[in-house]
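1. Build the 3D model from these lines:
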Amino acid sequence: MTTSSPGGPEPDLMTDRAHSARAYDYLLGGKDNYAADRAIADAAERAWPAVRLAVRANRAFMTRVARHFAELGVRQFLDVGTGIPTEPNLHQVVQEVAPDARVLYVDNDPIVLAHAAALMNGDPRGRTTYLQADARDPQAILDSPELTGMFDLTQPVALSVIGLLHFLDDETATRLVHTVLDSVPSGSCLALSQITLDLDAETVRGAAAGYAGGGVQTHLRSKEQLHELFLDGLDVLEPGVVVVHRWRPDEGSVMSEVPDAKISVYGVAARKP
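-> Coordinates of the predicted model:
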């Protein structure tokens, strides 16, 4: 296993301002968060009482879709907007299917860098690396030695952007997805999730206002916008764009009875033809 070890001076964790990844960690029940993060998450929860259930459903979608890509034969995984480690992490899921799988995690939150070692404890038959970089500059990610030294871009790559796109404006989000997909071959895959207003606009707008009160802006998109912005020209895998707990749920899942409006997060997987 090859890793990129964090080094240099201690990072500035910016604990005085809210960060979406740390708020997400708090909603998942994690401990790597601060007062500013908890404040926006609590404000969101007051408007959207089921938000903790929604983030757990989003996380579970990540594990299912990553496993599916590995079962399809993909062996290279680029996870942008990784967030704070929460088991099972993506590399644990895919290396259980394919021990030789290669995973590159990308995030710009310094607290993720502080936990990078946990992200890189993978199967020694594969490779797992962490890159501190910004999703707003996808070309820098593609040009990084971490990626070029580990991936063979003549072979399929799975790009996952789970729980990230709703924090990026349309131009930035589409540049991220299309820059990466334009650089990888046929058979490569995309997995994304996105908060939507389609199912319960009043509740989700209230949650977004809670985040905005702490300086974190959200960009909420419809199913039609997901197709227009990200999925044109791709082969969308069944069951298409659905609320995340409806995407190929595990047999006997207790989430089957949860109304879609409570979750209000779309998930989709697609392949490059």
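
2. alpha carbons only for contacts and neighbour counts from here, please
-> Noted.

3. Confirm residue 181 sits in a helix?
-> Yes - membership of residue 181 in a helix is supported by DSSP: H, G, I helix; E, B strand; the rest coil.

4. So what's the predicted local confidence for it?
-> What the model reports as pLDDT for residue 181 is 98.

5. Over to residue 3?
-> For residue 3, the pLDDT comes out at 39.

6. Run through the strands of the stretch 151-273 of the chain in chain order.
-> With DSSP state E, counting those that start in this stretch as the criterion, the stretch 151-273 of the chain has strands at 158-161, 189-195, 235-236, 242-243, 265-271.

7. Would you reformat those as JSON lines and include distance to residue 202 and mean neighbour count?
-> Formatted as JSON lines, these follow (distance: least, Cα to Cα, whole Å; neighbours: other Cα atoms under 10 Å):
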{"stretch": "strand 158-161", "distance to residue 202": "25", "mean neighbour count": "24"}
{"stretch": "strand 189-195", "distance to residue 202": "13", "mean neighbour count": "26"}
{"stretch": "strand 235-236", "distance to residue 202": "29", "mean neighbour count": "18"}
{"stretch": "strand 242-243", "distance to residue 202": "17", "mean neighbour count": "23"}
{"stretch": "strand 265-271", "distance to residue 202": "14", "mean neighbour count": "25"}
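
8. Mind putting those into a markdown table with distance to residue 41 and mean pLDDT?
-> Below are the strands of the stretch 151-273 of the chain laid out as a markdown table (distance: least, Cα to Cα, whole Å; pLDDT from 0 to 100):
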| stretch | distance to residue 41 | mean pLDDT |
| --- | --- | --- |
| strand 158-161 | 21 | 98 |
| strand 189-195 | 15 | 98 |
| strand 235-236 | 32 | 98 |
| strand 242-243 | 21 | 98 |
| strand 265-271 | 16 | 98 |
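
9. Could you export the ones you listed as a markdown table, including distance to residue 177?
-> As requested, the strands of the stretch 151-273 of the chain are exported to a markdown table (distance: least, Cα to Cα, whole Å):
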| stretch | distance to residue 177 |
| --- | --- |
| strand 158-161 | 8 |
| strand 189-195 | 8 |
| strand 235-236 | 15 |
| strand 242-243 | 19 |
| strand 265-271 | 12 |
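
10. Out of the ones you listed, which is closest to residue 98?
-> Of all the strands of the stretch 151-273 of the chain, it is strand 158-161 that lies closest to residue 98, at 13.7 Å by Cα to Cα.

11. That closest one pairs with which strands, and in what direction?
-> Paired neighbours of strand 158-161 in the sheet (DSSP bridges): strand 76-80 (parallel), strand 189-195 (parallel).

12. contact partners of that strand?
-> 69, 74, 76-81, 180-181, 188-193 (Cα atoms under 8 Å, 6 or more residues apart in numbering).

13. quick one: average pLDDT of stretch 27-46?
-> Across stretch 27-46, pLDDT averages out at 94.

14. List the buried residues of it.
-> Neighbour counts over stretch 27-46 (16 or more other Cα atoms under 10 Å) mark 27-28, 32-34, 36-45 as buried.

15. First-to-last residue distance for it?
-> Criterion Cα to Cα, to the nearest Å; first-to-last residue distance in stretch 27-46 is 12 Å.

16. same check, this time on stretch 111-121
-> This stretch, stretch 111-121, spans 17 Å end to end (Cα to Cα).

17. Among the contacts of strand 158-161, find me the one that's closest to residue 215.
-> Lowest distance from residue 215 to those (Cα to Cα) belongs to residue 81, with 18.4 Å.
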